[in-house]
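**Q** sequence first, then the predicted structure:
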Amino acid sequence: MAIVKPFCGLRPVPELADKVVSLPYDVMDSNEARAITTKNEYSFLRVTKSEVDLAPDVSPYSEVVYEKAAENLKDFIAKGVLVQDEKPCFYIYKQQMGSHNQVGLVAALSVEEYKNNIIKKHELTRPDKEQDRVNNIMATEAQTGAVFVTYKADDHINAVLAQCMTKQPVYDFQTEDEIRHTLYVVDDATKIKAIEQAFARIGTLYIADGHHRSAAAARVYDTYKEKNPEHTGEEEYAKFLAVIIPHTMTKIMDYNRVVKDLNGLTEQELLEKIQEKFTINPCTRISCKAEYPHYFGMYINKAWYKLVANPGTYDENDPVDKLDVSILQNNLLAPILGIGNLRTDKRIDFVGGIRGMAELERLVDSGEYAVAFSMFPTSTKELMAIADSGQIMPPKSTWFEPKLRDAIVVHLLNGRN
């Protein structure tokens, strides 16, 4: 069963909500974050990427950065920018991006269920990134950003949440990227119980995005538990902050690849080697946009090519091997371009589909990269199938949009502040 718990959320006062909430810490670098906070003193990036308030030469992983995060969070609370709800609540977070709508339950999930694989994972974490979030949580004594969790859609849960959205929302605003954010507070005891009972019928939850946050929460849990001889499992540190969205409402966009060089090959040699496992045809930017699985766009020297993976070059019965990210990696990036480890190789970078095909052209035309590959998006069903099989997806397989905003609700590890 899936245990979901209400909690006393820390969140922005309504009049400042649109200024406080921020994109996740891991979708921008320090310079981009600094540019945002220079214009907006209320941005929650001052907590999640607190190096913005320090000298540019300070490492984002230094101790002073985490101390600054704690200081800034306390400052937001002291100034009344963030206020904590007096009793445990659930929250319903709706996002609208163009015609796409997603509605999620903001709740505290069980770390033990995460450890016991009731909440399933599909990605490995990087130790340095995981440690960064551990340090941030320990310093602030808060989970400042939510883990994006999904589940197989359930009509009963949809109906229960819809009942909770009949009153006025506490926030309803649009951010600069034209995404609308709406938040409802569920503080009625009857509705809270109905939500808990509805999710108890769900056997499995899946982490869609936020593996470093959930892994960090588990490590912090172990630290707190070891220091607490009266541990019961009901403590706030035994839970982690999540937004839980049904799989039918998730939107995964393409997660494209750009490579800095051709591994010593000429353009003609590259094309010849690719033809061993792909069918290649010239195309335009528009016609090279992948519209079905096993179809890739390649941009090189101001020209687009359509690559279609030949049958027999991947195992259609293996949920990982048949992923497009696996096909490209196993049949082209590794054997031809020499990209062996997507996590560590500095010759490759990744571009979220939200930036469009034109961004791939721009990067290659700039001379910084030699070739770009556009992808067909991984599906949520593929993600769940891999998690169910106990396998791991290749790095950079999914790019979810719209991004959940940090500080829409914050979870304090010590309960009431």
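**A** Everything's here; your move.

**Q** when you work out contacts or count neighbours from here on, use the C-alpha atoms and nothing else.
**A** Noted.

**Q** so what does Gly297 have for phi and psi?
**A** Main-chain torsions, Gly297, degrees, to the nearest 10: phi -100, psi 140.

**Q** leaving out sequence neighbours, find the closest residue to Ile119.
**A** Nearest residue to Ile119 in three dimensions, chain neighbours excluded: Leu205, at 4.6 Å (Cα to Cα, 6 or more residues apart in numbering).

**Q** this protein: helices as residue ranges?
**A** 17-20, 30-39, 45-48, 63-78, 111-115, 127-140, 155-163, 189-200, 211-227, 267-274, 324-328, 357-365, 380-388 (DSSP state H).

**Q** count of neighbours near the residue lying closest to Leu332 once chain neighbours are set aside?
**A** Excluding its sequence neighbours, the residue lying closest to Leu332 (Cα to Cα, 6+ apart) is Ile274, at 6.7 Å. Per other Cα atoms under 10 Å, the neighbour tally for Ile274 reads 19.

**Q** kindly report the same for Asp188.
**A** 12.

**Q** got it, and Glu67?
**A** Glu67 has 17 nearby residues by other Cα under 10 Å.

**Q** do Glu235 as well
**A** There are 14 residues near Glu235, going by other Cα under 10 Å.

**Q** need the contact list for Asn317.
**A** Contacts for Asn317 (Cα atoms under 8 Å, 6 or more residues apart in numbering) come out as none.

**Q** how close does it sit to Asn310?
**A** 15 Å (Cα to Cα, to the nearest Å).

**Q** return the set of buried residues in the strand with the most length in the chain.
**A** Taking DSSP state E as the criterion, the chain has its longest strand at strand 100-110. By neighbour count on 16 or more other Cα atoms under 10 Å, the buried set for strand 100-110 is Gln102, Val103, Gly104, Leu105, Val106, Ala107, Ala108, Leu109, Ser110.

**Q** thought the first one was touching Ile244?
**A** Spelled out, that is Gln102. No: under the criterion of Cα atoms under 8 Å, Gln102 makes no contact with Ile244, lying 10.1 Å away.

**Q** for the closest residue in space to Asp154 that isn't next to it in sequence, give the beta-bridge partners.
**A** Leaving aside its chain neighbours, Asp154 sits nearest to Pro246 (7.5 Å; criterion: Cα to Cα, 6+ apart). Pro246 has these beta-bridge partners by DSSP bridges: Tyr151.

**Q** let me see the contact set for Pro246.
**A** Taking Cα under 8 Å, 6+ apart as the test, what Pro246 contacts is Val103, Gly104, Thr150, Tyr151, Lys152, Ala153, Asp154.

**Q** nearest to Ala198 among these?
**A** Distance to Ala198 across those (Cα to Cα) is lowest for Asp154, with 9.1 Å.

**Q** mind checking the pLDDT average for stretch 157-166?
**A** In this model, stretch 157-166 has a mean pLDDT of 96.

**Q** for stretch 400-408, same thing?
**A** For stretch 400-408, the mean confidence score works out to 95.

**Q** again with stretch 172-181
**A** The model assigns stretch 172-181 a mean pLDDT of 95.

**Q** check stretch 124-144 too.
**A** 93.

**Q** do stretch 190-206 as well
**A** pLDDT averaged over stretch 190-206 gives 96.

**Q** please apply the same query to stretch 61-71.
**A** Stretch 61-71 comes out at a mean pLDDT of 97.

**Q** which residues touch that stretch?
**A** Here stretch 61-71 has contacts from 46-51, 53-54, 59, 132, 135-136, 139-141, using Cα under 8 Å, 6+ apart.

**Q** compare the residues you listed and tell me which is most surrounded.
**A** Busiest of those [other Cα under 10 Å] is Thr48, holding 31 neighbours.

**Q** which residues touch the residue nearest to Tyr114 when sequence neighbours are not counted?
**A** With Cα to Cα, 6+ apart as the criterion, Tyr114 has its nearest non-adjacent residue at 6.8 Å, and that residue is Lys120. Counting by Cα under 8 Å, 6+ apart, Lys120 makes contact with Tyr114, Thr204, Leu205, Tyr206, Ile207, Ala387, Asp388.

**Q** distance of Lys120 relative to Val21?
**A** Distance from Lys120 to Val21, by Cα to Cα: 28 Å.

**Q** same question, Leu342
**A** From Leu342 over to Val21 (counting by Cα to Cα), the distance is 31 Å.

**Q** returning to what we had before: could I get the pLDDT score of the residue nearest to Asp154?
**A** Predicted confidence (pLDDT) for Pro246: 97.

**Q** again, but for Lys346
**A** Reported pLDDT for Lys346: 90.

**Q** likewise for Val27?
**A** Per the predicted model, pLDDT is 88 at Val27.

**Q** now swap in the one 3 residues further on and tell me
**A** Ser30 carries a pLDDT value of 94.

**Q** ok, and the closest non-adjacent residue to it?
**A** Val52 (6.6 Å).

**Q** just checking, that neighbour touches Asp29?
**A** No: with contact defined as Cα under 8 Å, Val52 does not reach Asp29; the gap is 10.2 Å.

**Q** okay, the two: which has more neighbours?
**A** Neighbours were counted for Val52 and for Asp29 using other Cα under 10 Å; Val52 has more, 25 against 11.
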